[in-house]
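# the following comprises the amino acid sequence and a computationally predicted model.
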Amino acid sequence: MLNSDDLRLFLAVMREGNMLAAARRAGIDHSTVARRINALETVLAARLFDRSPRGVTPTPAAFALVPHAERVESELLAAAASVAGRDRDVEGVVRLATPEAFAAYFAAPHVGSLRDAHGRLTLELASESRAASLSKREADIAVMLKPPPRGRLVARKLTDYRLGLYASRDYVARHGLPESRADLSRHVFVSYIEELAGFPEMMALDQIVSGAPIAFRASSSAAQQSAVAAGLGLGVLHLFAADADDRLVRLLPGEAEVWRSYWLVIHADLQRLPRVRAVVDWLDTVAHAMRERL
């Protein structure tokens with residue numbers, strides 16, 4: 001007879017890509033995962049993974065099993081959420097996937113307040129330049145730059161924020177302050193590697209100056225800010241990160257400015273779990289506290 005715990009371990013192996021990572025995520029020994037997968041294959045009379053010294057490779061039977069196992073997982077999560085008391089202690093692990101700047105400057109500096117409120121809750125913060133797949137359980141909650149197009153997902157706007165144009169104080173001393181957008185053609189810029197940008201919304205430079213000469217490209221917003229601070233060129237940076245950097249000067253405020261939005265996205269099956277609700281409430285509180293800096 002099929003065991004729901006074995007199915008959840010199977011999904012963990014599929015999502016993590018190997019049994020060792022699945023064991024770490026489940027908090028059990030690697031040999032236990034291997035034994036349970038073997039037991040599942042015996043019950044199904046089908047081989048789910050091909051084993052090799054390099055790891056495991058899912059078979060066609062494994063891919064056929066995934067949607068059925070996910071439905072079982074969703075029902076178990078829904079059942080747990082339906083009976084969970086709202087006044088019970090919040091505990092467990094929540095993985096939050098966000099863009100890099102949000103993780104480094106918005107979420108991480110405020111994690112202490114979440115820990116103070118819920119000492120038995122562990123937050124895993126995954127900073128990514130691409131959209132995490134909530135349907136594949138790569139994360140429990142995601143912050144995205146646009147709402148997802150489909151799926152059993154619940155999405156709402158978390159907050160708007162601004163991007164502005166910056167240079168280092170040293171760069172300004174050497175090249176002078178641009179007084180208008182027309183002056184920007186005399187300068188070089190720092191920007192994203194376009195093909196590695198996970199969201200089109202990450203590309204904002206063309207909305208301020210088109211066809212700008214690029215001196216440096218990076219997939220990391222933090223690397224771009226460091227390059228601008230080092231005097232390499234002008235760059236479009238997050239106000240909530242760059243305004244606090246004493247090495248930087250904001251240029252053409254109000255004129256050279258781009259608005260973007262952060263969207264909060266949760267899988268429909270998880271939205272009522274106490275630990276997920278606690279993180280969502282915390283994000284709302286942080287967004288409200290930071291509204292003047294955004």
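That came through, no problem.
# which residues of the chain score low on pLDDT?
78-89, 129-136, 150-151, 198 (pLDDT under 70).
# what's the strand of greatest length in it packed up against?
Identified as the longest strand of the chain according to DSSP state E is strand 153-168. Counting contacts by 3 or more Cβ pairs under 8 Å, 6 or more residues apart in numbering; DSSP states H and E, strand 153-168 is packed against helix 221-229, strand 234-238, helix 239-242, strand 248-251, strand 257-267, helix 274-289. C-beta here means a position set from N, CA and C on the backbone, and glycine is covered the same way.
# deepest of these, which one?
Ranked by mean neighbour count, the helices and strands packed on strand 153-168 are led by strand 234-238 with a mean of 27 (mean count of other Cβ atoms under 10 Å).
# okay, the angle between it and helix 221-229?
140 degrees (axes from the mean of the first three to the mean of the last three Cα atoms, to 10 degrees).
# need the residues that contact strand 234-238.
101, 105, 161-167, 171, 184, 187-191, 204-205, 208, 221, 224-225, 227-228, 248, 251, 258 (Cβ atoms under 8 Å, 6 or more residues apart in numbering).
# drop anything exposed from the residues you listed.
Buried by 16 or more other Cβ atoms under 10 Å: 101, 105, 161-167, 171, 184, 187, 189-191, 204-205, 208, 221, 224-225, 227-228, 248, 251, 258, out of those.
# could you dump the helices and strands packed on strand 153-168 to a markdown table with distance to P213?
Output for the helices and strands packed on strand 153-168, formatted as a markdown table (distance: least, Cβ to Cβ, whole Å):
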| stretch | distance to P213 |
| --- | --- |
| helix 221-229 | 14 |
| strand 234-238 | 10 |
| helix 239-242 | 21 |
| strand 248-251 | 16 |
| strand 257-267 | 19 |
| helix 274-289 | 36 |
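# can you check which of the ones you listed gets nearest to L40?
Closest to L40 of the helices and strands packed on strand 153-168, according to Cβ to Cβ: strand 257-267, at 23.7 Å.
# run a quick neighbour tally on the nearest residue to L20 once chain neighbours are set aside.
Distance criterion Cβ to Cβ, 6 or more residues apart in numbering; nearest residue to L20, sequence neighbours excluded, is H30 at 5.2 Å. By the criterion of other Cβ atoms under 10 Å, H30 has 14 neighbours.
# so H30 touches N18, yeah?
No. The criterion here is Cβ atoms under 8 Å, and H30 misses it with N18 at 9.4 Å.
# re earlier: now the longest strand of the chain against strand 234-238, angle please.
Using the same axes, to 10 degrees: strand 153-168 against strand 234-238 is 140 degrees.
# chain center to strand 153-168, what's the gap?
The chain centre lies 14 Å from the centre of strand 153-168; the measure is Cα atoms, centre = their mean, to the nearest Å.
# what does stretch 41-49 give?
Its chain's C-alpha centre and that of stretch 41-49 lie 34 Å apart, by Cα atoms, centre = their mean.
# which other residues reach that stretch?
By Cβ under 8 Å, 6+ apart, the list of residues contacting stretch 41-49 reads 1-3, 6, 10, 13, 37, 40, 56-59, 61-62, 65.
# name the next helix or strand following the host helix or strand of A64 along the chain.
Taking DSSP states H and E as the definition, A64 sits inside helix 60-83. From helix 60-83 onward toward the C-terminus, using DSSP H and E, the following helix or strand is strand 91-98.
# what helices or strands is the following helix or strand past that following strand leaning on?
Using DSSP H and E, the helix or strand that directly follows strand 91-98 along the chain is helix 100-101. With contacts taken as 3+ Cβ pairs under 8 Å, 6+ apart, helix 100-101 sits against helix 221-229.
# what helices or strands is the helix it packs on leaning on?
Secondary-structure packing of helix 221-229 (3+ Cβ pairs under 8 Å, 6+ apart): helix 100-101, strand 153-168, strand 189-192, strand 214-218, strand 234-238, helix 239-242, strand 248-251.
# want to throw the ones you listed into CSV with distance to R115?
Shown next, in CSV, are the helices and strands packed on helix 221-229 (distance: least, Cβ to Cβ, whole Å):
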stretch, distance to R115
helix 100-101, 22
strand 153-168, 20
strand 189-192, 33
strand 214-218, 31
strand 234-238, 25
helix 239-242, 21
strand 248-251, 31
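# quick one, what contacts T32?
T32 neighbours (Cβ under 8 Å, 6+ apart): A23.
# next one: the one helix or strand it maps to to chain centre, how far?
Following DSSP H and E, one finds T32 within helix 30-44. The chain centre lies 31 Å from the centre of helix 30-44; the measure is Cα atoms, centre = their mean.
# hang on, the earlier thing: which of the helices and strands packed on helix 221-229 sits closest to T285?
Comparing these by Cβ to Cβ, strand 153-168 comes nearest, at 11.3 Å.
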